[in-house]
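Chemist: Take this sequence and fold it.
(chains A and B)
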Number of protein chains: 2
Amino acid sequence: MGDCRSYSDEQSLPEVLVLHRPAIFSFHEKKFEKKFNLLKAWESPLPMEEFLRNHARSVKAVLCSFRTRINSDVLNLLPSVELIACESTGVENIDLVECRKRGITVTNAASAFVEDVADMAIGLLLAVLMKIPAADRDVRFKLWPKDMTFPLGHFKLREKQVGIVGLGNIGLQVAKRLEAFGCSISYTSRKQKLSSYKYYHNTQELALDCKILIVCCALTDQTRHIINRSVLEELGRDGIIINIGRGPLIDEKELVKCLVEGKIGGAGLDVFEEEPYVPKELFEFDNVVLTPHRAGFTEQAFFHDFQLLVGNIESVFSNTTKPFMEYLD
Amino acid sequence: MGDCRSYSDEQSLPEVLVLHRPAIFSFHEKKFEKKFNLLKAWESPLPMEEFLRNHARSVKAVLCSFRTRINSDVLNLLPSVELIACESTGVENIDLVECRKRGITVTNAASAFVEDVADMAIGLLLAVLMKIPAADRDVRFKLWPKDMTFPLGHFKLREKQVGIVGLGNIGLQVAKRLEAFGCSISYTSRKQKLSSYKYYHNTQELALDCKILIVCCALTDQTRHIINRSVLEELGRDGIIINIGRGPLIDEKELVKCLVEGKIGGAGLDVFEEEPYVPKELFEFDNVVLTPHRAGFTEQAFFHDFQLLVGNIESVFSNTTKPFMEYLD
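Modeler: Predicted coordinates:
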């Protein structure tokens, strides 16, 4: 059994560098330890740079949390690295240009989380539309409305035009679900896709025609603050925005102002610009639903993520399989 | 303009009896008043029986809130009544057998609310699965989980078998939405339907094969407590129950016990046995989502409801159109 492994066995396992504790270690750390000799930088008393200089010169594979920034300074300390394996969907923490230049493969785990993240997008949208968390608070605080003076749901979802910002794997799954609710789907994306959904060249024009925007794209220099004040104003007083991508896709200060000023109708946010900081103005609103960056976090998704990561990392040592990379767009 | 109407105009409008203030009056009372001379029993100082005896002998149409019980005692006081027009989907407050015997038409408003109620069923399910209200409370109370020690979502929705209890209009809309999430659908109903979904003769067998039950049927003598302790135990420790039908469809005391004992995995409840009373044990749970009987309450649904009610009531006075009745099953 794995637990009977001796120290020398551990030494013979392939070395994998881990700079910050990844989310997946909450569930599968022991299983990783049976397969790899994990160099856990955060457990060392040494400063990160010194740790890498002393221990990581021969490391071929790095397992990355979304909090680990990999840039040329870090890569200079990892002369043997062949693979950066990211546990998450987004890889905005990795300097992809630099990795490509050095012939380093970067893999993500989009396919592990795609369906559960899409489910969360719809969950947040329905929670905002029907003010479910606010209604749940009311019941728990014994504020069941008397004399039928209840607030109404935001609006009927059916026949609403919904704009998907980034029609990648997640965006497509979100769109498929919304079709069943009777919504009509349009989108903007880096480029037009083979799809029957209506394509818009930019987010502002998309927002003008939609009552709901769902932000699903990857965070890049081009998409940072893709949802700015003008987009929010085009979305309008009834409009609802959902973000299950990354916090900096939305100009958060402007979003807060638009909500305070009643310029938009509601927001469902799983991600924020400076996590775990959440602007406290948002706590005042019943038309805002806030979750702590947990879209897609199911047992099954993390198990799939574990399998993907192990497969990708083993490919470096076996040379028999090709690692897998996928961008969201 | 309607507001310039004189008292004599009002007298010439068709009389409609209203026993309790209906929900729809929060939105469309004035518009009803322009079309009908409303006899509002709850505004009279007289006891209900005396009010009916004195004022309602010639009344042909009654507009009913779901709180208004119509039984043979009430009908005996309404010798001219031809139509009971209910503002809601459920008509369990009406003695349908007695009405049929007396040739009185009963109409409901199922088609006004069907899609929004189905949306709420999915909203409650996703809210329970991903603990959205609990996550939202955590963020608002600044309890963003540190070090990734977050709770996981309940389970992946995709590929789960979902049981619909009552495959009527609402049940069908719920099923259609769940198919887009990759669920497989089965159901029980008064009788088997022309449908590709798998039919079960009873709720207990359905529960045994399902991870999720969504209760969508009408409340009748046959369906009261259709969800009892054995059904809940078959659903099991992971199982989730959603109720957007009527409170008494579930044996609420047993549901509370099953949740306290961890015999089932979660519940999303829009309706309760003794509204507005909600058992306070339920307030303790993060895997329970509670809303105050508001499924389907959107502006558009109430406007549609208004149009249906006016159409049905006018049919009594014009004899040109047939009133409309629909049961959920």
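Chemist: which outside residues touch the helix or strand hosting A:Ala267?
Modeler: Using DSSP states H and E, A:Ala267 sits in strand A:266-269. For strand A:266-269, the surrounding residues in contact (CB atoms under 8 Å, 6 or more residues apart in numbering or on different chains) are A:124-125, A:127-129, A:154, A:240-243, A:250, A:255, A:259, A:282, A:285, A:287-291. (Each C-beta comes from the backbone N, C-alpha and C, glycine too.)
Chemist: are any of the residues you listed buried, and which?
Modeler: When those are checked for burial by 16 or more other CB atoms under 10 Å in any protein chain shown, the buried set is A:124-125, A:127-129, A:154, A:240-243, A:250, A:255, A:259, A:282, A:285, A:287-291.
Chemist: Sitting in helices, which of those residues do you find?
Modeler: A:124-125, A:127-129, A:255, A:259 (DSSP state H).
Chemist: which of the buried ones among the contacts of strand A:266-269 are close to chain B?
Modeler: Among the buried ones among the contacts of strand A:266-269, the ones lying close to chain B by the criterion of CB under 8 Å from any CB of the partner chain are A:124, A:127, A:129, A:154, A:289-291.
Chemist: Need those in a markdown table (columns: pLDDT).
Modeler: Shown next, in a markdown table, are these (pLDDT from 0 to 100):
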| residue | pLDDT |
| --- | --- |
| A:Leu124 | 98 |
| A:Ala127 | 97 |
| A:Leu129 | 96 |
| A:His154 | 82 |
| A:Val289 | 98 |
| A:Leu290 | 98 |
| A:Thr291 | 96 |
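Chemist: Quickly name whichever of those residues is closest to B:Ile264.
Modeler: Using CB to CB, A:Ala127 comes nearest to B:Ile264 of those, at 22.1 Å.
Chemist: Roughly how far does that closest one sit from B:Asp209?
Modeler: 29 Å (CB to CB, to the nearest Å).
Chemist: residues contacting the spatially most central residue of chain A?
Modeler: Centroid check for chain A by CA atoms, centre = their mean gives A:Gly245 as the closest residue, at 4.7 Å. Contact partners of A:Gly245, counting by CB under 8 Å, 6+ apart, are A:90, A:165-166, A:215-219, A:271, A:328.
Chemist: Now compare these and name the two farthest from each other.
Modeler: Spanning the widest gap among the contacts of A:Gly245 are A:Gly90 and A:Val165, at 14.3 Å by CB to CB.
Chemist: quick one: which of those two has more around it?
Modeler: More crowded of A:Gly90 and A:Val165, by other CB atoms under 10 Å in any protein chain shown: A:Val165, with 28 against 21.
Chemist: From A:Ala121, how far out is that one?
Modeler: A:Val165 sits 11 Å away from A:Ala121, going by CB to CB.
Chemist: Touching both of these two, which residues are there?
Modeler: The contact sets of A:Val165 and A:Ala121 overlap at A:214, A:216 (CB under 8 Å, 6+ apart).
Chemist: Would you agree A:Cys258 is in contact with A:Ser230?
Modeler: No - the criterion here is CB atoms under 8 Å, and A:Cys258 misses it with A:Ser230 at 10.6 Å.
Chemist: neighbour-wise, which of those two wins?
Modeler: Set A:Cys258 next to A:Ser230 and count neighbours by other CB under 10 Å: A:Cys258 wins out with 23 against 13.
Chemist: what residues are up against that one?
Modeler: Taking CB under 8 Å, 6+ apart, we find A:Cys258 in contact with A:229, A:232-233, A:264.
Chemist: quick one: which of the residues you listed sit in strands?
Modeler: Among the contacts of A:Cys258, no member is found in strands (DSSP state E).
Chemist: What distance do you get for A:Leu13 to chain B?
Modeler: According to CB to the nearest CB, to the nearest Å, A:Leu13 stands 24 Å off from chain B.
Chemist: and that residue, how many neighbours does it have?
Modeler: Residues near A:Leu13, counting by other CB under 10 Å, number 15.
Chemist: thought it was touching A:Phe32?
Modeler: No - when contacts are counted by CB under 8 Å, A:Leu13 is not listed as touching A:Phe32 (10.1 Å).
Chemist: for A:Ile214, helix, strand, or coil?
Modeler: For A:Ile214, the secondary structure call by DSSP: H, G, I helix; E, B strand; the rest coil comes out as strand.
Chemist: A:Asn54 too?
Modeler: Assignment for A:Asn54 (three-state DSSP): helix.
Chemist: Give the closest residue to it in space, chain neighbours not counted.
Modeler: A:Leu46 (6.9 Å; CB to CB, 6 or more residues apart in numbering or on different chains).
Chemist: Quick check, pLDDT for the one you found.
Modeler: For A:Leu46, the pLDDT comes out at 95.
Chemist: Stretch A:25-44 and chain B in contact?
Modeler: Yes - residues of stretch A:25-44 contacting chain B under CB under 8 Å from any CB: A:25-27.
Chemist: Rebuild those residues as CSV, extending it with neighbour count.
Modeler: Output for the residues of stretch A:25-44 next to chain B, formatted as CSV (neighbours: other CB atoms under 10 Å in any protein chain shown):
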residue, neighbour count
A:Phe25, 20
A:Ser26, 16
A:Phe27, 16
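Chemist: What backbone torsions are found at A:Lys40?
Modeler: phi -90, psi 100 (degrees, to the nearest 10).
Chemist: Next, the contact list for the residue nearest to it when sequence neighbours are not counted, please.
Modeler: Of all residues not flanking A:Lys40 in the chain, A:Val18 sits nearest, at 5.3 Å (CB to CB, 6+ apart). Contact analysis of A:Val18 by CB under 8 Å, 6+ apart lists A:38-42, A:62-65.
Chemist: what sits against the closest residue to A:Cys210 other than its chain neighbours?
Modeler: In space, A:Cys210 comes closest to A:Gly163 once its chain neighbours are excluded; the distance is 3.7 Å by CB to CB, 6+ apart. By CB under 8 Å, 6+ apart, the contact list for A:Gly163 reads A:186-188, A:200, A:203, A:206-207, A:209-210, A:212-214.
Chemist: Shouldn't A:Gly163 be within a helix?
Modeler: No - when classified by three-state DSSP, A:Gly163 is found to be strand rather than part of a helix.
Chemist: What's the local residue count around A:Ser58?
Modeler: 10.
Chemist: Which pLDDT value belongs to it?
Modeler: Looking at A:Ser58, its pLDDT reads 96.
Chemist: The one 5 residues further on too?
Modeler: Model confidence at A:Leu63, expressed as pLDDT, equals 97.
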